[in-house]
Structures are given as structure tokens and as C-alpha cells.
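Engineer: below are the sequence and a predicted model for it; my questions follow.
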Amino acid sequence: MAGTDPSQAAASARSVRKRVLRWVLVLLGVLVVALGGIESYRQYDLWLAEREFSRVQDEARGELGNVQDWEAWYRQRIGAADSRAEIASLNEHCRELCQREERVIDRLAAKSRAGADDNRLGEQLPSPQDLQEFVDQSAAVSTKARSLLKFERLHVPPQNINRYMFTGVAIERVPGQRVRALQELGEFQRAWDELALIFAVTAKFSLPASRDDRVFAESLERAGHKLFIEMAKVAIPPADFDKWLSRTEQPGSDLRVVEDLVATVLKWDEHPILLWATIDDGAEYEWRLPLTWLEARPPFFSRLHFSRPVQTTLRKGTTAVNLLETMRELRRSERSEKLEAVWPRVVESPDLKPLRERSQIVFRIRRAQANDTVDSIDPKDLLSTVVFVRRTAAGWELCWNADSTQVRRGGLLFDGSATVVVLPDLR
């Protein structure tokens with residue numbers, strides 16, 4: 001049998017390689033064209049969405065009066081008495097204390113998370129000497145906080161003015177741990193006074209000038225109610241403490257909050273680029289951060305967010321339109337029924353009424369026991385639409401009414417750590 005010609009075999013192999021290479025190049029070309037077409041289509045969708053949002057921005061700019069100086073616009077809303085500098089100073093002082101007294105603060109916070117009636121962390125609590133030193137070191141915090149009460153109303157530095165990143169977490173943390181430290185030391189009267197101061201400062205945020213005012217005040221009040229429950233488990237509150245357990249919003253506060261959010265929309269920008277990604281402006285990120293319902297994370301070079309840029313941009317325009325409509329409706333009337341449907345989706349404003357009502361019921365139970373070691377109150381007298389109250393072998397048990405509209409709207413969202421409260425009998 002005749003052998004294969006080596007030259008023919010080599011030529012055949014080269015021909016196969018060329019055909020394979022040609023097909024690879026054709027497939028790569030098709031893939032590049034397909035990806036280019038998809039990206040071009042995506043960019044066109046982004047361009048349409050951005051154009052629509054730009055139109056909404058122009059509309060919002062005109063609605064607010066084409067403001068040029070946002071700092072002046074904000075100052076006009078808060079009036080002559082500007083408390084921002086003093087609040088910022090208090091926050092800085094608390095922040096330094098959080099660093100200097102971190103060990104004591106963290107241990108007190110850990111005991112609170114475990115539960116005021118959980119003794120497993122008792123050995124990890126700071127010593128009485130450490131607690132007393134912390135109380136002494138943080139005394140200036142109480143003095144500074146009390147000085148804020150001279151203002152008719154309080155306002156915090158808004159984040160959308162000059163990128164002022166004020167969160168107020170330190171202000172919430174240090175006074176709260178002061179209350180817990182005094183409680184551990186057995187100085188209950190001082191602890192109640194410090195807790196009353198927290199509620200008194202909160203009450204001064206009666207007319208928010210921006211969303212940051214509302215968020216800070218709500219956070220401070222939530223912390224106050226949590227501390228109240230912890231204290232009420234081990235001590236009877238003063239007879240006049242119930243005045244701090246309710247708070248009425250002032251007319252017009254909702255409108256100011258929405259106007260502030262509309263002002264933020266004017267600084268909100270997004271720049272579509274290639275490779276299925278977007279670059280998010282810092283102001284837009286700050287705007288999105290607290291509004292978790294937007295479900296918008298910067299989708300930078302992420303395969304998981306292939307279509308998110310278009311969806312996010314469209315959602316951004318929808319949000320801006322809803323804010324504009326909400327602002328117009330609030331300007332026409334205080335809070336019409338028509339607005340209720342869109343309001344929770346536009347502005348996250350937890351309903352704090354369940355917390356207030358529960359604290360008031362706890363206050364009534366404890367005051368009824370103030371001079372009587374025997375049960376002196378009938379659970380039937382504690383009727384509530386948001387809280388169920390019953391007697392148990394462990395004491396008094398309070399739990400949320402899951403069918404309550406107010407609880408469904410926000411009750412368990414801001415107080416998930418205490419869905420059931422048990423008040424042991426004080427004997």
C-alpha cells in the first residue's frame with residue numbers, strides 16, 4: 001500500500017487550521033456585533049430614561065423657585081435660631097467619648113442586646129468603678145444636651161448641604177449608655193432624669209426642615225422608648241414621666257421633608273457608560289442609601305446587574321415624579337386621603353405611635369404598682385388596638401397586635417428586638 005505524501009498531509013492540516021481559525025474569527029465577530037448591539041440598545045434606553053429624568057429635574061427646579069444658594073434656602077426654613085453648630089459640637093464630643101470609653105460602652109450595649117433581664121452577661125459588665133468613671137467622664141454630654149433646650153426648635157446639619165455627613169449616631173449612643181450605667185449603679189432617679197433629657201431633646205424637633213431632622217429625631221425617640229422599657233423592668237418611673245411618652249407632629253413638617261427631598265433630586269445624577277455599568281454620583285448614593293425600598297446598588301462592572309442600570313434610572317425618574325406630586329398635594333392640603341397610597345413609597349416615615357402607646361401602657365402598669373405590692377390594675381382596663389396585655393406567672397406580658405394597621409406599617413420594623421415585653425412584678 002502506497003504511503004501518504006508528507007507534503008499533502010501537512011497541507012491538509014494547514015487547511016483545517018485555517019478553516020477552524022476562520023470560524024473562530026467569524027464567531028468572535030458575530031459575538032462582538034451582538035454585544036455591541038445589546039449595549040447600543042441599552043445605552044439608548046438609558047438615554048431615554050435620563051432625558052425623562054432631566055425633564056423632571058427642570059420641573060422640580062421651577063417648582064422650588066430656581067434656588068441658587070441652597071445654604072440660604074435652608075437657613076430661611078429654620079429661622080433665626082440656628083442650632084446646627086451646637087448639635088455638631090455635641091456630636092463631636094460624643095464621638096470622642098465613644099473612642100475613649102469604647103470598652104465600657106460596648107459592654108453596656110452588649111448587655112442591652114442580650115436583654116435587661118438576662119444575667120448571662122453580668123460578669124462581663126464593667127466594674128462599678130469603671131461605670132462611675134464613665135458617668136463622670138460623660139457628664140459634659142448631659143450639660144451640652146441640656147443647653148440645646150434653650151432653642152425653640154432643633155435642626156441638624158443636613159447631609160445634602162456642602163456634603164456635611166452628619167449621622168448623630170454618637171449622640172444617640174453616649175446618652176443612652178449613661179442611662180444604662182446609672183441604672184447598673186442603682187442611681188435610678190438620675191437615670192430617669194437622663195432619659196427624660198433624651199425625650200426632651202427629641203421633642204424639640206417639632207418642625208423638621210429636612211429629612212435629616214426627621215430621621216435623627218425618630219432614631220433618638222426609638223432609642224428613648226427602648227431605654228424606657230429596660231428601666232421599667234427594674235424600677236417604677238416618676239409620676240410625671242408620662243409627659244415624655246407622647247409626641248405630636250406639627251402641621252407642615254411633612255411638606256418640609258418632601259421639599260428637602262425634591263431639592264436633593266436636583267443634585268442627583270447618573271452617567272451611563274459602556275460594559276453594562278453606571279458610575280453613581282456621590283450625592284445620588286447618599287440619596288439612595290436610606291431608601292432601601294429603591295433596591296438600588298451601584299452596579300459597577302457587575303454581571304449580576306446586567307439590566308439594573310436601566311431599571312435603576314427608570315425607577316429614579318418614577319421616584320422624582322412621585323415626590324413632585326406629593327409636594328404639590330401637600331401644598332394644596334395637609335394630608336389628603338389621596339396621598340396616603342403614595343406616601344409610604346415616597347418617604348420612609350415609620351409610624352412611632354405603637355411605641356408610644358406601648359410605653360404609656362407600661363407606665364400605667366408601673367404607676368399602679370407604685371404604692372401597692374398587690375395587683376391593682378385589671379388587664380381589661382388596658383384596651384389597645386396595637387398592644388395585647390395579659391397577666392402571666394412571670395408578670396405582665398405585652399405583645400404587638402399583628403393585625404394592627406399601625407404595627408403593620410412600621411411597628412415591628414423599628415423595634416424588632418422586643419416583639420414581646422415581659423414586665424416582672426416588682427416586690
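Structural biologist: The structure has been received and is ready for your questions. Residues are numbered from 1 along each chain as shown.
Engineer: show the pLDDT at the nearest residue to residue 255 once chain neighbours are set aside.
Structural biologist: The spatially closest residue to residue 255, leaving aside those adjacent along the chain, is residue 330, at 4.2 Å (CB to CB, 6 or more residues apart in numbering). Where C-beta positions appear, they are placed from N, C-alpha and C, glycine not excepted. At residue 330, the model reports a pLDDT of 82.
Engineer: pull the number of nearby residues for residue 330.
Structural biologist: Residues near residue 330, counting by other CB atoms under 10 Å, number 20.
Engineer: isn't it up against residue 254?
Structural biologist: Yes - the pair formed by residue 330 and residue 254 meets the contact definition of CB atoms under 8 Å, at 5.8 Å.
Engineer: now the strands for the stretch 251-400 of the chain?
Structural biologist: Taking DSSP state E, counting those that start in this stretch as the criterion, the stretch 251-400 of the chain contains strands spanning 270-273, 277-280, 387-392, 395-400.
Engineer: and those strands, which one is worst for confidence?
Structural biologist: Looking at the strands of the stretch 251-400 of the chain, the weakest mean confidence is strand 277-280, a mean of 41.
Engineer: give me the below-cutoff pLDDT ranges for the stretch 101-250 of the chain.
Structural biologist: Under the criterion pLDDT under 70, the flagged ranges of the stretch 101-250 of the chain are 113-123, 159-165, 249.
Engineer: what's the local residue count around residue 131?
Structural biologist: 23.
Engineer: nearest spatial neighbour of it, skipping sequence neighbours?
Structural biologist: Nearest residue to residue 131, sequence neighbours excluded (CB to CB, 6+ apart): residue 181, at 4.7 Å.
Engineer: residues contacting the one you found?
Structural biologist: For residue 181, the residues meeting the contact criterion (CB atoms under 8 Å, 6 or more residues apart in numbering) are 104, 108, 126, 131, 134, 135.
Engineer: got the contact list for the strand or helix carrying the fourth one?
Structural biologist: Put plainly, it is residue 131. Taking DSSP states H and E as the criterion, residue 131 maps to helix 128-137. Residues from elsewhere that reach helix 128-137, judged by CB under 8 Å, 6+ apart: 97, 100-101, 103-105, 125-126, 177-178, 181-182, 184-185.
Engineer: and the one helix or strand residue 142 maps to, what does it pack against?
Structural biologist: Element membership of residue 142, judged by DSSP H and E, is helix 139-147. In terms of contact count using 3 or more CB pairs under 8 Å, 6 or more residues apart in numbering; DSSP states H and E, helix 139-147 is assigned the packing partners helix 84-100, helix 169-184, helix 188-203.
Engineer: what angle separates the second one from helix 128-137?
Structural biologist: Right, helix 169-184. In this structure, helix 169-184 runs at an angle of 130 degrees to helix 128-137, with axes from the mean of the first three to the mean of the last three CA atoms, to 10 degrees as the basis.
Engineer: pull out the buried positions in helix 169-184.
Structural biologist: For helix 169-184, burial by neighbour count (16 or more other CB atoms under 10 Å) applies to 170-184.
Engineer: tell me how far that helix lies from the chain's centre.
Structural biologist: Between the mean C-alpha point of helix 169-184 and the mean C-alpha point of its chain there is a distance of 20 Å (CA atoms, centre = their mean, to the nearest Å).
Engineer: relative to helix 139-147, how tilted is it?
Structural biologist: Here helix 169-184 runs at 110 degrees with respect to helix 139-147, directions being taken by the same axes, to 10 degrees.
Engineer: likewise for the first one?
Structural biologist: An angle of 160 degrees separates the directions of helix 84-100 and helix 139-147 when computed by the same axes, to 10 degrees.
Engineer: which outside residues touch helix 84-100?
Structural biologist: Counting contacts by CB under 8 Å, 6+ apart, the residues touching helix 84-100 from outside are 105, 137-138, 140-141, 144-145, 147-148, 154-157, 166, 168, 170-171, 173-175.
Engineer: so what does the helix or strand that it is followed by touch, helix or strand wise?
Structural biologist: Once helix 84-100 ends, the next helix or strand along the chain (criterion: DSSP H and E) is helix 102-114. Taking 3+ CB pairs under 8 Å, 6+ apart as the contact definition, the neighbouring helices and strands of helix 102-114 are helix 128-137, helix 169-184.
Engineer: in TSV: the ones you listed, plus distance to residue 191.
Structural biologist: Conversion of the helices and strands packed on helix 102-114 to TSV gives the following (distance: least, CB to CB, whole Å):
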stretch	distance to residue 191
helix 128-137	10
helix 169-184	4
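Engineer: please identify which of these is closest to residue 24.
Structural biologist: Distances from residue 24 to each of these were compared using CB to CB; the shortest belongs to helix 169-184, at 57.0 Å.
Engineer: got the angle for that closest one vs helix 188-203?
Structural biologist: Here helix 169-184 points in a direction 160 degrees away from that of helix 188-203 (the same axes, to 10 degrees).
Engineer: export helix 169-184 as PDB, just CAs?
Structural biologist: Coordinates of each C-alpha in helix 169-184 appear next as PDB, following Å, rounded to 0.1, in the frame of the first residue of the first chain:
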ATOM      1  CA  VAL A 169     -25.100  58.000  65.900                       C
ATOM      2  CA  ALA A 170     -22.700  59.100  68.700                       C
ATOM      3  CA  ILE A 171     -25.300  61.500  70.200                       C
ATOM      4  CA  GLU A 172     -27.700  58.600  70.400                       C
ATOM      5  CA  ARG A 173     -25.100  56.200  71.800                       C
ATOM      6  CA  VAL A 174     -23.400  58.100  74.700                       C
ATOM      7  CA  PRO A 175     -26.500  59.400  76.500                       C
ATOM      8  CA  GLY A 176     -28.200  56.000  76.200                       C
ATOM      9  CA  GLN A 177     -25.200  54.300  77.800                       C
ATOM     10  CA  ARG A 178     -25.200  56.900  80.500                       C
ATOM     11  CA  VAL A 179     -28.700  55.900  81.400                       C
ATOM     12  CA  ARG A 180     -27.700  52.200  81.500                       C
ATOM     13  CA  ALA A 181     -24.600  53.000  83.600                       C
ATOM     14  CA  LEU A 182     -26.600  54.900  86.200                       C
ATOM     15  CA  GLN A 183     -29.200  52.100  86.200                       C
ATOM     16  CA  GLU A 184     -26.400  49.500  86.900                       C
END
